[in-house]
Structures are given as C-alpha cells and as structure tokens.
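Q: Sequence first, then the predicted structure:
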Amino acid sequence: MSKKSPQLRFEGFTDDWEERKLSDVANHRGGTAIEKYFDKDGVYKVISIGSYGLNSQYVDQNIRAISNEITDGRVVNSGELTMVLNDKTANGTIIGRSLLVEKDNEYVINQRTEIISPKENFDSNFAYTILNGPFREKVKRIVQGGTQIYVNYPAVSNLNLELPKIEEQKKIGSFFKQLDDTIALHQRKLDLLKEQKKGFLQKMFPKNGAKVPELRFAGFADDWEEHKLSSGLREYTDRVTVEDDKEYSQISVRNNFGGITLRGSKMGNKIGRKRQAKINLTKYPQTLIFTRQTVEQGGIGWVDKYCDGAIVTENMPTISLDTSVFSKYFLTNLFQTRIFYKNAILDNIEGGSAQIAIHESKFLSSTLLFPNLDEQEKIGSFFKQLDETIALHQRKLDLLKEQKKGFLQKMFV
C-alpha cells in the first residue's frame, strides 16, 4: 500500500496519506428509470443527467416524482453524494461529476446516476471535493462509448484515491466548503447584476413600434428619431502592407449576434511581415471592428487604446465613430438589444444555411432609433458603470476559482 502526502497541509498533520479503493470507503445504490412516476405535484426533486451543473452544483429542472415503493428506495439522504455515469455528449463535460445532498427526503435519483454513501472513515465534504477533483480525472480515463459516453460504477468503485485520516479530511472538507460557498455567493451576485442589466436594456431602449423607452433619465422627454448607422459610422478604406520585421498583435472580437457583451481584445498570436492588413490601430483607437464571417463566428466590438501595435486583417473591416453623432457606450449597449439584432443583423443576413454572413455595408445602412446626444451620453455612462461593476465581480469570481484550483493542486496527493 503506497503512502504519500500533499504539498500544503493544515498544522498538526504529518501522517502520510493512504491509497484506498472507493469501494473500501463508500457504499452505493444504483438508480433506475422512474420517468413514469414524474408528477408536477410530486414530493421529490429528481436528480438525473441534466441535474449536474458544470460547477458540480444541482440544476433544478423542475422535475418532481411521487412517493411510492420504487422511488422511496432511491431517495438520497443527507451527507450522501450522487455521481452521474452517463454524458449526453462525447466531450465529457458532466461525466463523473458528483453532487452532495444536505437534506433528508428531498431528492430521488433517476437512471444513469449512482448514490455514494461515505463510511465513517470518509468525510462527506472531503468526498465531494476529491470526487469532483483528482478522482474525477481518473473516472474520465475509463469512459466508454462514442457519441454518448458512460462509465460502469463497478469500474469506478475499483479506482484508487489517496486519503488522510478522518480528522484531516474534516479540516480539508470544511475549508473547501467555505470556499465553495464564497464562490457560489459571488456567482449569485454576478448573475443578479447580469439579470438587472438585461432588465435595463429592455426598459431603457424603445420596444418595437415605440418612439420612447419605458424608463428614462429626468429632463428627457423628446421622441427618439430614426438615423442610419452610417450617419455616425463609416468604414475605413485605407490599407497598409506589413513590410517590416515587427510582429503585430491581431484583434479578436467576441460574438455579439446573440446579445453577448461587446469587447475588443488583444490576442497573443502574431501577424508576420509582408502581409496585407488594415491600418495600424495605434493610429485609430476607439475604432469599431466588424468581422465579415458567418453569423456564429462573427461579431462587432470596440478596440481601445491598450491595443497599441495592433493591426486588423482583411476580413475584419474597421469602422470609425463620429462622437459628435453617436456616443460610444450608448452604441455598445444598443448593440446588445433585441431591436438591434432584428434590424441590423437578422434582416441583413446573406447566403445559405451553411455560410450565412452580414456585409458591413448592409450593417451601416440599418436604420435605428436614437435620442439626442446628451441622452445618449447619459445612457452610455449608466451602462458603462454597470458593465464595470459586472467586470469587477467577474474578476473576483475568476480569482476565487483560480485560487481553488491552486489549493486543489497543493492540498491533495
């Protein structure tokens, strides 16, 4: 029996960790098909394939099951875990993920999932962390199938995992539970901010057929007026050929056609010398980039001053902004509304089903409603502050997730 110890430990623990099989430290009960017992008024929440989120948290699909002899035998107790044995896809995003149940008589499992009941020498919180961390990587190596992959639980239960004594397990389990709770709290705050922004986008831009929005800042009462995008945006036609030995960064623009937040960003890949390209964006900061690709791949977004030394290739037209006509941050959020998507994108799609695209000339000829510049600036400033708050919460969340990754690497064998 091999013995090991992690890089980072709580004070007072020095014993080596021991290698054990999952079957040595946990009992199990398998699921079965209970679809015929589904009922909207059922007493149990159902755990099935779709219940396993990418963060290993329960996803409520609003599926309920009644109580009877069959379902009562598949109820998960507090402190038990469930593991999904099938993945709906071939990429393995949910295979082997585990959920930790904290209440009795609330959840029942469907087929393709397993109840794992830790024994006295296997702490539930520790089990949740290790099963979703180092152990899951082992599970993914024994998958079978093609378009829908799966694992057999007997093979899973035969896999090894390294364990400390129960006292150290409880310390580690409690630490990661607190960290997971903090991450979940920040995720809820971020989700709430994003939902609030969606609500403001719906209320602060006119709905189809209306001349004014539902919600406005004080002092503004005039109807919004129709303007073509070309009245304040125009495409650059001048190009340069890269003839020197300097390497220039390319620009990536996130897909906006589904209403995703716009941003221009600097990529790490480089453009070599003597390659035809658009003008160096050091000369033209605050430029709009328009990708003339398929709708799924393309996008629009702003390039800011941090893109010094960047150039744009032929398939990404650059569009200049006249700030005396349009506010940049007003446009940024207008581009995320359904009205914009319908009038500037959906109505201008060209091509067939395999290759559909939007040409920048069609985009610029789109007619949309605009308030006067003062109101544009007011709206743009409001959303800019909201976007910065969302970005701040996203950075905090990303940092916490990175910290968790680091702790998982250092606190487990």
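A: Now that the structure is in, tell me what you want to look at.
Q: where do the helices sit along the stretch 51-200 of the chain?
A: 69-72, 124-132, 134-140, 153-157, 166-203 (DSSP state H, counting those that start in this stretch).
Q: I'd say F363 and N348 touch.
A: Yes - between F363 and N348 there is a contact under C-beta atoms under 8 Å: 6.4 Å. For glycine as for every other residue, the C-beta is placed from the backbone atoms N, C-alpha and C.
Q: more neighbours, the two?
A: F363 (21 against 17; other C-beta atoms under 10 Å).
Q: Return the residues in contact with the residue nearest to that one when sequence neighbours are not counted.
A: Excluding its sequence neighbours, the residue lying closest to F363 (C-beta to C-beta, 6 or more residues apart in numbering) is A344, at 5.9 Å. The contact partners of A344, by C-beta atoms under 8 Å, 6 or more residues apart in numbering, come to L229, F363, S366, L368.
Q: got the phi/psi numbers for A344?
A: phi -100, psi -20 (degrees, to the nearest 10).
Q: okay, it: pLDDT?
A: pLDDT recorded at A344 is 74.
Q: now it: how far from G92?
A: Separation of A344 from G92 (C-beta to C-beta, to the nearest Å) stands at 38 Å.
Q: Same question for Q409.
A: 21 Å.
Q: do the same with L190
A: 26 Å.
Q: Please apply the same query to L193.
A: If you go by C-beta to C-beta, the gap between L193 and G92 works out to 31 Å.
Q: do the same with E137
A: 11 Å.
Q: so where do the strands sit in the stretch 251-400 of the chain?
A: 264-271, 276-278, 287-290, 300-303, 318-321, 350-351, 356-357, 367-370 (DSSP state E, counting those that start in this stretch).
Q: tell me, which of those strands is the model least confident about?
A: strand 264-271 (a mean of 43).
Q: Let me see the contact set for I66.
A: With C-beta under 8 Å, 6+ apart, I66 has these contacts: Y37, D39, D41, G42, V43, Y44.
Q: Quick check: phi and psi at the closest residue to it other than its chain neighbours.
A: Using C-beta to C-beta, 6+ apart and skipping residues adjacent in sequence, the residue nearest I66 is G42, 4.5 Å away. Here is the backbone geometry of G42 (degrees, to the nearest 10): phi -60, psi 160.
Q: mind listing what G42 touches?
A: R64, A65, I66, S67.
Q: what's the answer for E162, then?
A: Counting by C-beta under 8 Å, 6+ apart, E162 has contacts K4, W17, E18, E19, R20, P134, F412, V413.
Q: Give me the buried entries from those.
A: Buried members of those, scored by 16 or more other C-beta atoms under 10 Å, are W17, E18, R20, F412, V413.
Q: which of the residues you listed lies closest to Q385?
A: The closest of these to Q385 turns out to be F412 (C-beta to C-beta; 41.0 Å).
Q: circling back: between L190 and G92, who's got more neighbours?
A: Using other C-beta under 10 Å as the criterion, L190 and G92 rank with L190 on top: 18 against 15.
Q: With adjacent residues omitted, what lies nearest to the more buried one?
A: Nearest one to L190, counting by C-beta to C-beta, 6+ apart, is H393 at 4.6 Å.
Q: In contact with that neighbour, which residues?
A: H186, K189, L190, L193.
Q: For ChimeraX, write a command that selects the buried ones of the residues you listed.
A: Entered in ChimeraX, the line below selects the buried ones among the contacts of H393, by 16+ other C-beta under 10 Å:
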select :186,190,193
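Q: Mind picking the two most distant members of the contacts of H393?
A: Counting by C-beta to C-beta, the most remote pair of the contacts of H393 is H186 and L193, 10.7 Å apart.
Q: hang on, the earlier thing: quick one: which of the contacts of A344 has the most company?
A: L229 (24 neighbours).
Q: Just the pLDDT at it, thanks.
A: pLDDT, L229: 92.
Q: hang on, the earlier thing: out of the contacts of H393, who's nearest G199?
A: Nearest to G199 among the contacts of H393, with distances taken as C-beta to C-beta, is L193, at 10.7 Å.
Q: which residue packs closest to the closest one, ignoring adjacent ones?
A: I390 (5.0 Å).
Q: go on, S98?
A: In space, S98 is closest to L131, 4.3 Å off (C-beta to C-beta, 6+ apart).
Q: I figured that neighbour was touching L81, is that so?
A: Yes - L131 is within contact range of L81, at 6.6 Å (criterion: C-beta under 8 Å).
Q: For these two, work out which one has more neighbours and name it.
A: L131 (25 against 21).
Q: which residues does that one contact?
A: L131 neighbours (C-beta under 8 Å, 6+ apart): L81, M83, G96, S98, I116.
Q: how about a cut-off of 7 Å?
A: L81, M83, S98 (C-beta atoms under 7 Å, 6 or more residues apart in numbering).
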